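Student: model the structure of this input:
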Amino acid sequence: MSTLENAAREPHASMETVLEFLRKLNASVDTIDRDRDLIDARVLDSLAFVEFLLLMEELTGEPIDLAKTDVDNFRTLNRIDALITKGAGHAHA
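Tutor: Numbers count the residues shown, from 1 in each chain. A predicted model of the protein is given here:
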């Protein structure tokens, strides 16, 4: 079973996968406050955002419609955690 398959079954494992992804983007990021705006802090930039959305689709097992997605759902770890818990179908606001 792949890491993503395991993460999809366990919300905490999914968040670890998200944190690993963010750390790979920015090696200087050791810890991230769960309410820190990842986009404003440039932890997650526009180029990496598309790759991040693909990761989120894999973790939630649901497609994310870019035309209907509310970017605010991906701004903080708390919002991302809520999205993973509820499923990607709730990314649209």
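Student: drop to CA atoms for contacts and neighbour counts, all remaining ones
Tutor: Will do.
Student: which one is Asp33 nearest to, not counting chain neighbours?
Tutor: Excluding the flanking residues, the one nearest Asp33 by CA to CA, 6 or more residues apart in numbering is Leu77, at 7.7 Å.
Student: can you pull out the helices in the chain?
Tutor: 3-9, 11-25, 46-60, 77-86 (DSSP state H).
Student: point out the most buried one among those helices.
Tutor: helix 77-86 (a mean of 18; mean count of other CA atoms under 10 Å).
Student: chain center to it: distance?
Tutor: In terms of CA atoms, centre = their mean, to the nearest Å, the gap separating the centre of helix 77-86 from the centre of its chain is 8 Å.
Student: equivalent analysis for stretch 31-46, please.
Tutor: 11 Å.
Student: where does pLDDT dip in this protein?
Tutor: For the chain, the stretches with pLDDT under 70 are 1-11, 87-93.
Student: ok, 90 please
Tutor: Filtered on pLDDT under 90, the chain yields the residue ranges 1-14, 23, 25-33, 41-43, 45-47, 50, 59-71, 83-93.
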